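Visitor: return atomic coordinates for the entry below.
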Amino acid sequence: MVNKKNLGFYLMIITITSEIILPFILGSFYPEFNQWSNLISDFGASGSPVQNTFKLWEIIDGSLLIIAASAFYFRFKSTSESLAKLLTVLIVLYAIGDCIITGIADRVQSAKPTIMGQIHDYASGISLIAIFLGILVLIILYHFEDNQLMTRAFIIILILAGLTMLLFAAPRLPLINQLHLPYRGLTQKILLYLLFSPFFFTSIQALKNRNWSAI
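Guide: Here you go, the predicted structure:
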């Protein structure tokens, strides 16, 4: 039987895997979707043939992430209870901002801003900040535990994610937007894989080493 403290890590792994395969599964039912250039949120845009499926998928994934967040608190509370609480809050913020609100607020592909479109954009921005900070908190926690492998690996991942974020945000940045960088859809996927990976590896390590659950 799965320990309640371990359940969250299984849910985290399942949800990350779900988010990774989502564009490829839905893309097979959306012939006009280009994995190289289209954004994942285009699945939820008005007129998308998979809009309702995408919205429901995101709401479910967001709900699972909220449930999974508590496992990270129990994993790290003996290292630093305050940072463990902060990490939990950041995971919940990401789940709400990038998953649940994405499933509720339609992305409208229009030159004229809409209230729902603005909610979607602001929520996505806040969720990205939350997950970046979440990785930073993980780095600090592993540093406190003197786990140099995870600390260094996550620092490298954070730097790569930051650079990828610049490429992804290029169309909205002065000077860089003049470069007209292609493959924004691919850049988004790489960014998400980088941002998910510390939480995925933390979950794997926690399930392999369950001594903390006895604390």
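Visitor: how close does Gln148 get to Glu32?
Guide: The gap separating Gln148 from Glu32 is 47 Å, by CB to CB, to the nearest Å. From N, CA and C alone the C-beta is placed, and that goes for glycine too.
Visitor: err, Leu133, not the other one
Guide: 36 Å.
Visitor: would you map the helices across this structure?
Guide: Applying DSSP state H to the chain gives helices spanning 4-27, 51-76, 81-94, 101-104, 115-144, 148-168, 184-208.
Visitor: and those as CSV, adding mean neighbour count and mean pLDDT?
Guide: Listed next are those as CSV, based on neighbours: other CB atoms under 10 Å; pLDDT from 0 to 100:
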stretch, mean neighbour count, mean pLDDT
helix 4-27, 18, 94
helix 51-76, 20, 96
helix 81-94, 19, 98
helix 101-104, 21, 88
helix 115-144, 18, 89
helix 148-168, 16, 95
helix 184-208, 19, 95
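Visitor: and the ones you listed: which comes nearest Asp42?
Guide: Taking CB to CB, helix 184-208 is the member of the helices of the chain nearest to Asp42, at 8.3 Å.
Visitor: off-centre distance for the closest one?
Guide: Relative to the centre of its chain, helix 184-208 is centred 8 Å away, using CA atoms, centre = their mean, to the nearest Å.
Visitor: list of residues touching that helix?
Guide: With contact meaning CB atoms under 8 Å, 6 or more residues apart in numbering, helix 184-208 is reached by 6, 9-10, 12-13, 16, 19-20, 23, 34-40, 71-72, 75, 91, 128, 131-132, 134-135, 138, 150, 153-154, 157, 160-161, 164-165, 167-168, 171, 181, 212.
Visitor: mind running it again at 6 Å?
Guide: Identification of contacts with helix 184-208 by CB atoms under 6 Å, 6 or more residues apart in numbering yields 9, 12-13, 16, 35-39, 75, 131, 135, 138, 154, 157, 160-161, 164-165, 167-168.
Visitor: same question, stretch 8-20
Guide: Stretch 8-20 has contacts (CB under 6 Å, 6+ apart) with 61, 64-65, 67-68, 70-71, 196, 199-200, 203, 206-207.
Visitor: looking at those residues, which is nearest Gly103?
Guide: Asp61 (8.5 Å).
Visitor: which residues touch that closest one?
Guide: By CB under 6 Å, 6+ apart, the contact list for Asp61 reads 15, 18, 99.
Visitor: please render those as TSV that adds distance to His143 to the earlier fields.
Guide: Listed next are those as TSV, based on distance: CB to CB, whole Å:
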residue	distance to His143
Thr15	26
Ser18	30
Cys99	29
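Visitor: still on that earlier bit, which among the helices of the chain is found nearest to Ala45?
Guide: Nearest of the helices of the chain (CB to CB): helix 51-76, 7.0 Å.
Visitor: gap between that closest one and the chain center?
Guide: On CA atoms, centre = their mean, the centre of helix 51-76 falls 10 Å from the chain's centre.
Visitor: tell me, how many residues neighbour the residue lying closest to Phe144 once chain neighbours are set aside?
Guide: Nearest residue to Phe144, sequence neighbours excluded (CB to CB, 6 or more residues apart in numbering): Thr79, at 5.2 Å. The tally of other residues near Thr79 (other CB atoms under 10 Å) stands at 16.
Visitor: what are the phi and psi values for Thr79?
Guide: Here is the backbone geometry of Thr79 (degrees, to the nearest 10): phi -80, psi -50.
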